[in-house]
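> The following comprises the amino acid sequence and a computationally predicted model.
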Amino acid sequence: MLATSSPVTSIATGDNMQPHWYASYTCSRREKQVARRFSDRGVECFLPLYHKVHRWSHDTRTLQLPLFPGYVFVRIPPIERFRVIDIPGVVRLVSFNGQPAAVPDRDIEILRRAINLGGVAEPHPFIKPGKQVEVLRGPFRGLKGTVRKSKTNHLGLIVSVDLLMRSIILRIDAADLTAC
């Protein structure tokens, strides 16, 4: 989960027609193909990407890579989960006790807001929750996460998606943070 106060929920059997966000686990390096196939079939999906400059001995390019390698978020009613896992490149939906685990809408909206408002996000190793802070100002206002200094001495806010056991780090100004 992103803001550590949001619980991850499993689908309820009586709620099969209400759409929820789920994390679909994909074949290695197939996230963009899977997202395109979801879109072609009219399935709402979200593939957060970030830019990375990659240097080879003969060339330098800026690549768009998945923020959560191996995962594409999909919004479907639980009853349609077989329609999703039938798409080539999708391995399964992230599940607990045999039931797909829903990702809270708020977590997806925070990710979208961070990316759409020009936030500099990049993958970061998963870190268990430690000292928690809340962002007071700027495009990430209201976001809660763990503070950490990056290798380049920039202050970063670590935001974790517990369901995937993955994290990202957002570059942020310390003046915009307050302890929770």
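Structure received.

> Leu163: neighbour count?
Around Leu163 there are 20 other residues, counting by other CB atoms under 10 Å. Any C-beta I mention is one placed from the backbone N, CA and C, and that applies to glycine too.

> Per-residue pLDDT of it, please?
Confidence at Leu163, expressed as pLDDT, is 82.

> Report the secondary structure state of it.
coil (DSSP: H, G, I helix; E, B strand; the rest coil).

> That one touches Tyr22, doesn't it?
No - the criterion here is CB atoms under 8 Å, and Leu163 misses it with Tyr22 at 9.2 Å.

> which neighbours do these two share?
Listed as contacting both Leu163 and Tyr22 by CB atoms under 8 Å, 6 or more residues apart in numbering are Val94, Ala101, Val103.

> Wait, a helix at Arg141?
No - Arg141 is assigned coil when assessed by three-state DSSP, not a helix.

> Please work out how many residues are found near the residue lying closest to it once chain neighbours are set aside.
Here the nearest residue to Arg141 in space, its sequence neighbours aside, is Val135; by CB to CB, 6 or more residues apart in numbering that works out to 5.5 Å. Using other CB under 10 Å, Val135 is surrounded by 19 other residues.

> The one 4 residues further on now?
Other residues near Pro139 number 16, with proximity taken as other CB under 10 Å.
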